[in-house]
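Undergrad: sequence? don't have it. structure:
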C-alpha cells in the first residue's frame, strides 16, 4: 500500500466588493479560487491546489505559519 503525502497550505480569504469570497494560496503563485460562501471557496481552492501541483510537479518547501498583521499607512 502506498501512503499518500499530506501537504499543508495557508489560504488567505478575502471578500470582494460584490460579496464573493476569494481564496488565495500564497505559496503557489497564481493559485486561487472563489465562491459565494467561505466553505465553497475553500472546496474550490483545494481543487485549484491539486491542479497547480499536477501541472507544476514542483516540491514546495514546508513553511511555518507565524501570523498575520494588519499595517496602516497614510496615503
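TA: Right, received. Where do you want to start? Keep in mind it's a predicted model, so treat the numbers as computed, not measured. Residues are numbered from 1 along each chain as shown.
Undergrad: give the closest residue to residue 41 in space, chain neighbours not counted.
TA: residue 35 (3.5 Å; Cβ to Cβ, 6 or more residues apart in numbering). Heads up, the C-betas are built off the backbone N, CA and C, glycines and all.
Undergrad: look up how far residue 71 lies from the residue nearest in space to the middle of the chain.
TA: Geometric centre of the chain, nearest residue: residue 25, 2.6 Å, by Cα atoms, centre = their mean. Separation of residue 25 from residue 71 (Cβ to Cβ, to the nearest Å) stands at 22 Å.
Undergrad: got it, and residue 49?
TA: 27 Å.
Undergrad: repeat that for residue 46.
TA: From residue 46 across to residue 71, the span is 29 Å (Cβ to Cβ).
Undergrad: ok, these two, which is more surrounded?
TA: Shown here are residue 46 and residue 71; by other Cβ atoms under 10 Å, residue 46 has more neighbours (14 against 4).
Undergrad: my guess is residue 35 contacts residue 47. True?
TA: No - the criterion here is Cβ atoms under 8 Å, and residue 35 misses it with residue 47 at 10.9 Å.
Undergrad: more crowded one of the two?
TA: Higher neighbour count among residue 35 and residue 47: residue 35, with 17 against 10, using other Cβ under 10 Å.
Undergrad: next up, the contacts around the more buried one.
TA: 20-21, 23, 41-44 (Cβ atoms under 8 Å, 6 or more residues apart in numbering).
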